[in-house]
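Novice: Next comes the sequence, and after it the predicted model I'd like to discuss.
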There are 2 protein chains.
Amino acid sequence: MEYNAKQLQIIEVAERLFSQKGFAGTSVRDIAQEADVNVSMISYYFGSKEKLIEALFQLRMTESSTRLETLVMTSELSALQKFNVFIDSVIDRLMGNQCFHNIMLREQLSSERTPIITEYIRGLKLRNLELIKRMIHEGQEAGEFRKDINVSLMTTTLYGTVNYAIASKDFYKKLNELDHLNDEEFQQHLRGELSHHLKNLFKSTITNEHHIQN
Amino acid sequence: MEYNAKQLQIIEVAERLFSQKGFAGTSVRDIAQEADVNVSMISYYFGSKEKLIEALFQLRMTESSTRLETLVMTSELSALQKFNVFIDSVIDRLMGNQCFHNIMLREQLSSERTPIITEYIRGLKLRNLELIKRMIHEGQEAGEFRKDINVSLMTTTLYGTVNYAIASKDFYKKLNELDHLNDEEFQQHLRGELSHHLKNLFKSTITNEHHIQN
DNA sequence: TTAAAAATCAAACGATCGTTTGAAATAGTT
DNA sequence: AACTATTTCAAACGATCGTTTGATTTTTAA
């Protein structure tokens, strides 16, 4: 399925508003007004408000990252280096698509999701988990990683930390007195902090390396 | 402010429905029907739907845990032991009040919150962060903890992991083939796994201990 | 027992919801 | 140019939203 400019405009406005106000909290008239189209165009193009959010998911989900998969699976990096690349890619993906990932997180909290969206999310999570499992296994085979790693919970920590950091970013910004930074600068700052924090956190836990007391 | 039985009934039903379907996705008629009261009782008792969710926040927020604070600050436990107690208390608090914490997480994702709710959340986060900071500082003074700990992000990882684990628990349950467990058993299982996972994760990162290769 | 206060209810209020309609405007094709 | 197909629009549809009303019942207090 491919969309024309007007359809994409509607989808992008809907993405932002769903993220800010939730699906139920956003009216089709809100979307139509901000997208500068007539209200009836939403039903005309997508069938319904429900189908609109499904179209959004279908669009964002199929923006696949095979690039990352092949990099992670075929390159000459060490297992830990690959894992660190993956951490950065998760940070970039979530922070670069905050609106969509806000919506996705909200949908996970809800018990009222469409089967279609549930399946989209489930498929994405399965693919991510499989990729991580292969990375961990590779590191274990090479003797780099410990044998007793709970991959499920490690993944939960990775996505949970980034998601919660984004959800709490305003709090974090005021707390650390970063008001002097503009949005772009602050986002970059947060990415760097998260990257450093998560790499440190996991390195201590998954590798067999000795700690050197500092 | 104290509430009679009927008011508490309304608040509790509202808490469950807001958690399942979101604030905007829940109608006052939904709440009235499930709480077995007339629709007008909600306005009659609380003034409005908006005031109802504020009453919910006020009620849940004032269920304070000074018990934990005094335990953590005055007991004879080591810094790491205190921190582990705190980890368990976070897991218990979030898993024992999943409905309310779902609502709170959703409110954090939203850009449409009431100033009152925003302030409730901000105050809670500040108090939690201060408690953690004191614990970490105590451990650093005693030489138990490293000096270069990012308390903000550590807290983000703690709450982010537990929140995301709860949001993903259905996925986690199917993935690990735990369908044979009933709800109560599964919750206990998840608590234990989270506890072990988080304690391990942080111990490696915050303490000065040497790792022994296993 | 009686009067005041509180609680409950069905019904209705105006507003807004998602969606449809049918005509008008525009674009595309021959 | 003429015809078809697509897009756009104001208006209206019935449904549901949060809230209010005003009468009625129940509880409380004197």
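Specialist: Perfect, I can see it now.

Novice: now the longest helix along chain A, how far from the chain's geometric center?
Specialist: Ranked by number of residues, the top helix in chain A under DSSP state H is helix A:115-141. With C-alpha atoms, centre = their mean, to the nearest Å as the basis, helix A:115-141 stands 13 Å off its chain's centre.

Novice: Does DNA strand C have contacts with it?
Specialist: No: shown here: helix A:115-141 not in contact with DNA strand C (C-beta under 7 Å from any atom of the strand), separated by at least 14.4 Å. No exception for glycine: its C-beta is placed from N, CA and C like everyone else's.

Novice: Could you see whether chain B lies near that helix?
Specialist: Yes: judged by C-beta under 8 Å from any C-beta of the partner chain, helix A:115-141 and chain B are in contact via A:122, A:125, A:129.

Novice: Please indicate which of those residues are buried?
Specialist: A:K125 (16 or more other C-beta atoms under 10 Å in any protein chain shown).

Novice: now the residues of helix A:115-141 next to chain B in a markdown table, with distance to A:R106 and pLDDT?
Specialist: Converted to a markdown table, the residues of helix A:115-141 next to chain B look like this (distance: C-beta to C-beta, whole Å; pLDDT from 0 to 100):
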| residue | distance to A:R106 | pLDDT |
| --- | --- | --- |
| A:R122 | 16 | 96 |
| A:K125 | 15 | 96 |
| A:L129 | 21 | 95 |
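
Novice: So which residues on chain A come close to DNA strand C?
Specialist: A:26-30, A:39-40, A:42-44, A:47-50.

Novice: Just the closest of those to A:L80, please.
Specialist: A:T26 (42.7 Å; C-beta to C-beta).

Novice: Around that closest one, count how many other residues there are.
Specialist: Neighbours of A:T26 under the rule other C-beta atoms under 10 Å in any protein chain shown: 22.

Novice: hang on, it packs against A:E15?
Specialist: No: A:T26 is beyond contact range of A:E15, at 10.3 Å (criterion: C-beta atoms under 8 Å).

Novice: tell me which of the residues of chain A next to DNA strand C is nearest to DNA strand D?
Specialist: Checking the residues of chain A next to DNA strand C against DNA strand D with C-beta to the nearest atom of the strand, the nearest one is A:S40 at 3.8 Å.

Novice: Can you give me the neighbour number for the closest one?
Specialist: Neighbours around A:S40, by other C-beta under 10 Å: 10.

Novice: can you tell me the average pLDDT over stretch A:41-52?
Specialist: The predicted model assigns stretch A:41-52 a mean pLDDT of 98.

Novice: buried stuff in that stretch?
Specialist: In stretch A:41-52, counting by 16+ other C-beta under 10 Å, buried: A:41-42, A:45-46, A:49, A:51-52.

Novice: Whether that stretch contacts DNA strand D - can you check?
Specialist: Yes: using C-beta under 7 Å from any atom of the strand, stretch A:41-52 reaches DNA strand D at A:41, A:44.

Novice: Just the CA atoms of the helix-or-strand element of chain A with minimal mean pLDDT, as PDB, please.
Specialist: For chain A, counting by mean pLDDT, DSSP states H and E, helix A:66-74 ranks last in confidence among helices and strands (a mean of 77). This file holds the C-alpha atoms of helix A:66-74, laid out as PDB (Å, rounded to 0.1, in the frame of the first residue of the first chain):
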ATOM      1  CA  THR A  66      17.300  -4.900   7.500                       C
ATOM      2  CA  ARG A  67      20.400  -2.700   7.300                       C
ATOM      3  CA  LEU A  68      20.900  -3.100  11.000                       C
ATOM      4  CA  GLU A  69      20.200  -6.800  10.900                       C
ATOM      5  CA  THR A  70      22.800  -7.500   8.300                       C
ATOM      6  CA  LEU A  71      25.300  -5.200  10.000                       C
ATOM      7  CA  VAL A  72      24.800  -6.900  13.300                       C
ATOM      8  CA  MET A  73      24.900 -10.400  11.900                       C
ATOM      9  CA  THR A  74      27.700 -10.200   9.300                       C
END
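
Novice: what angle separates that helix from helix A:115-141?
Specialist: 20 degrees (axes from the mean of the first three to the mean of the last three C-alpha atoms, to 10 degrees).

Novice: Determine how far helix A:66-74 lies from the middle of the whole chain.
Specialist: 18 Å.

Novice: which secondary structure elements does it contact?
Specialist: helix A:79-96, helix A:115-141 (3 or more C-beta pairs under 8 Å, 6 or more residues apart in numbering or on different chains; DSSP states H and E).

Novice: Contact residues of chain A facing DNA strand D?
Specialist: A:4, A:6, A:37-41, A:44.

Novice: Among the residues you listed, which are located in strands?
Specialist: Here DSSP state E is the test, and these give no hits in strands at all.
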